[in-house]
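Participant: coords below, sequence missing:
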């Protein structure tokens, strides 16, 4: 089972839903979340932080190492934590879950009035969406290629 946790960014303007793979790491591993607005003044520390398209997650690596020692996560770095899904976005980017629901609802609305357009859009939506997210620079979309 996996848990998700909603967290507000440093400036409080935005939030992101974080997903914790197999509940190996607790939500306390995230010490700070920065959105594209508040990340501008952040000095990146690759030993504690991971960046994704303007967003920055700062991890408490002491908690990570205490909770998931080398036997559980043999190679522990912010990149591994994020890219392997131990603490990552719920979806491809912050807000993906609600955005994808809206996009699917718009496609489904075509079913009653334009069935052929609905089938065509449904066939291409996921691939087109992933290509767009890759082009926008989202880390998980790039790694999914």
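Facilitator: Structure's in. What do you need? Not measured: the values here are computed from a predicted model. Residues are numbered from 1 along each chain as shown.

Participant: so which strand or helix has residue 25?
Facilitator: Using DSSP states H and E, residue 25 falls within no helix or strand.

Participant: give the contact list for it.
Facilitator: 63, 64, 67, 68, 81, 86, 87 (C-beta atoms under 8 Å, 6 or more residues apart in numbering). Any C-beta I mention is one placed from the backbone N, CA and C, and that applies to glycine too.

Participant: May I see those residues arranged in CSV, with distance to residue 7 and secondary structure as well?
Facilitator: Formatted as CSV, the contacts of residue 25 follow (distance: C-beta to C-beta, whole Å; DSSP: H, G, I helix; E, B strand; the rest coil):
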residue, distance to residue 7, secondary structure
63, 15, helix
64, 16, helix
67, 18, helix
68, 19, coil
81, 15, helix
86, 15, coil
87, 10, coil
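
Participant: Return the closest of those with respect to residue 21.
Facilitator: residue 86 (5.0 Å; C-beta to C-beta).

Participant: my read: that closest one touches residue 23, true?
Facilitator: No. The criterion here is C-beta atoms under 8 Å, and residue 86 misses it with residue 23 at 9.7 Å.

Participant: For residue 38, which non-adjacent residue is closest in space?
Facilitator: In this structure, residue 38 finds its nearest non-sequential neighbour in residue 11, 3.8 Å apart by C-beta to C-beta, 6 or more residues apart in numbering.

Participant: A strand includes the one you found, no?
Facilitator: No. The assignment for residue 11, made by DSSP: H, G, I helix; E, B strand; the rest coil, is coil rather than a strand.

Participant: That one contacts residue 35, doesn't it?
Facilitator: Yes. Counting by C-beta under 8 Å, residue 35 is a contact partner of residue 11 at 6.7 Å.

Participant: of these two, who's got more company?
Facilitator: More crowded of residue 11 and residue 35, by other C-beta atoms under 10 Å: residue 35, with 20 against 12.

Participant: how close does that one get to residue 77?
Facilitator: Separation of residue 35 from residue 77 (C-beta to C-beta, to the nearest Å): 23 Å.

Participant: Work out which residue lies at the spatial centre of this structure.
Facilitator: residue 89 (2.1 Å; C-alpha atoms, centre = their mean).
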